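Asker: the sequence and its predicted three-dimensional model are supplied below.
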Amino acid sequence: MILNIIAIFLCLAILVMAVIAVIHKKLIIAIIASGVVSLFASIIFLLLAAPDVAMTEAAIGSGLTTIIFFYVLNKIRKESNG
Amino acid sequence: MVRKFLIFILLATFSVIFINLYQDFKGQDKLNDLSTYYAENEPQELGAQNIVTSIVVTYRGFDTLGEVTILFLAASIIGFFLKIKESDKNKKRELRKTSEILETASKILVPLIFLLGVYVFANGHLTPGGGFQGGAIMASGMVLMLLANPEKDVKHSLFSGIESISGFTYVILGLLGIYFAYGFLDNRVLPLGQFGNIFSAGLIPVIYTFIGLKVGSELTNIVGNLKETQKETE
């Protein structure tokens, strides 16, 4: 029961974050929102008894991808300014 | 207007498809034939406590080799396109000083993250996790190190060396399976050992260690390449 409530809450949070990631004007906030989507998705994978997938999603989806997006954002911002 | 209409049609089509999928979905209350075979025979056949690992590394080992190759291709293509000029390479960037919190925390956390990564891929055959996950965790430790010392660069020759040596060893270990066991990437080259021990499941922990090193160094190389492009002049 309590797991169901947590799962529903996480799914709603994922939907909200995904919409923010698509429509927000500030790219930094969009990147962080997409990282949060991956983080919550990894918790859902854990609840669905798939810890292997959850680990991959948490490490790559929310960790490395976010950092890579930030590096790329910094670079394209420099190029559009200069 | 037309564009918005098209988007609406696309969304409606997707929702029809997904509603059909959702209504046809029935949860299975027992394992199907293949899963039953794996669950019943895997402990005697391959001796790995984590069945997922034995499927990924041995039963479907060829797929894993393909995945590793794809990752290698992705990393090398990124390295090729993000190559920067020699004159830009030694340039100093003016950066804000790293905050005290990040610096201190990275000193404590980086060794722990590396230890966790090694644990995850060395225990891949016992607990959830494995080479890919452990490699990604180690690469995120490297990223933390790069963030705490922004003036340092990734040593590409070192990581490329680790990466190619472990990829090569992975294929050689797979070939050993043809001669000493029952096929390519078979894990019964080494004795299976006691079920549930760290030295068990034959070649699986060895292969996963090399996959972990390979994935970790590839991801570190990607991040390092992206970091170096920040130096480029506009």
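Answerer: Received it, and whenever you're ready, just let me know what you need. Residues are numbered from 1 along each chain as shown, chains lettered A, B, ... in the order given.
Asker: host element of residue 4?
Answerer: Here I'm looking at chain A. Using DSSP states H and E, residue A:4 sits within helix A:2-23.
Asker: let's do chain B instead
Answerer: For residue B:4, the host element (DSSP H and E) is helix B:2-24.
Asker: and that helix, anywhere near chain A?
Answerer: No. Figure legend: helix B:2-24 not in contact with chain A (Cβ under 8 Å from any Cβ of the partner chain); closest approach 12.2 Å. Quick note: C-beta positions are derived from backbone N, CA and C, even for glycine.
Asker: name the helices or strands packed onto the helix or strand that contains residue B:227?
Answerer: Assigned by DSSP H and E, residue B:227 belongs to helix B:204-229. Under the contact criterion of 3 or more Cβ pairs under 8 Å, 6 or more residues apart in numbering or on different chains; DSSP states H and E, helix B:204-229 touches helix A:65-81, helix B:51-54, helix B:61-81, helix B:100-122, helix B:131-148, helix B:156-180.
Asker: among these, which comes closest to residue A:34?
Answerer: Ranking those by proximity to residue A:34 (Cβ to Cβ) places helix A:65-81 first, at 7.4 Å.
Asker: buried ones in that closest one?
Answerer: In terms of neighbour count (16 or more other Cβ atoms under 10 Å in any protein chain shown), helix A:65-81 has its buried residues at A:66, A:67, A:68, A:69, A:70, A:71, A:75.
Asker: out of the residues you listed, which comes closest to chain B?
Answerer: Distance to chain B across these (Cβ to the nearest Cβ) is lowest for residue A:71, with 4.1 Å.
Asker: next one: that closest one from residue B:230, what distance?
Answerer: The gap separating residue A:71 from residue B:230 is 7 Å, by Cβ to Cβ, to the nearest Å.
Asker: can you check residue B:224 too?
Answerer: Distance, residue B:224 to residue B:230, using Cβ to Cβ: 11 Å.
Asker: comparing the two, which residue is more hemmed in?
Answerer: Neighbours per residue, other Cβ atoms under 10 Å in any protein chain shown: of residue B:224 and residue B:230, the larger number sits with residue B:224, 21 against 15.
Asker: the nearest residue to the more buried one once chain neighbours are set aside and chain A, how far apart?
Answerer: Nearest non-adjacent residue to residue B:224, counting by Cβ to Cβ, 6 or more residues apart in numbering or on different chains: residue B:154, 2.8 Å away. According to Cβ to the nearest Cβ, to the nearest Å, residue B:154 stands 12 Å off from chain A.
Asker: OK, contacts around residue B:154?
Answerer: B:142, B:146, B:220, B:221, B:223, B:224, B:225, B:227, B:228 (Cβ atoms under 8 Å, 6 or more residues apart in numbering or on different chains).
Asker: which of those tops the neighbour count?
Answerer: residue B:220 (28 neighbours).
Asker: for that residue, what are its contacts?
Answerer: B:138, B:139, B:142, B:143, B:154, B:159.
Asker: what are the contacting residues of the one helix or strand in chain A whose mean pLDDT sits lowest?
Answerer: Among the helices and strands of chain A, helix A:65-81 carries the lowest confidence by mean pLDDT, DSSP states H and E, at a mean of 83. Applying Cβ under 8 Å, 6+ apart, the set of residues contacting helix A:65-81 from outside is A:27-28, A:31-32, A:34-35, A:38, B:143, B:147, B:222-223, B:226-227, B:229-230, B:232, B:234.
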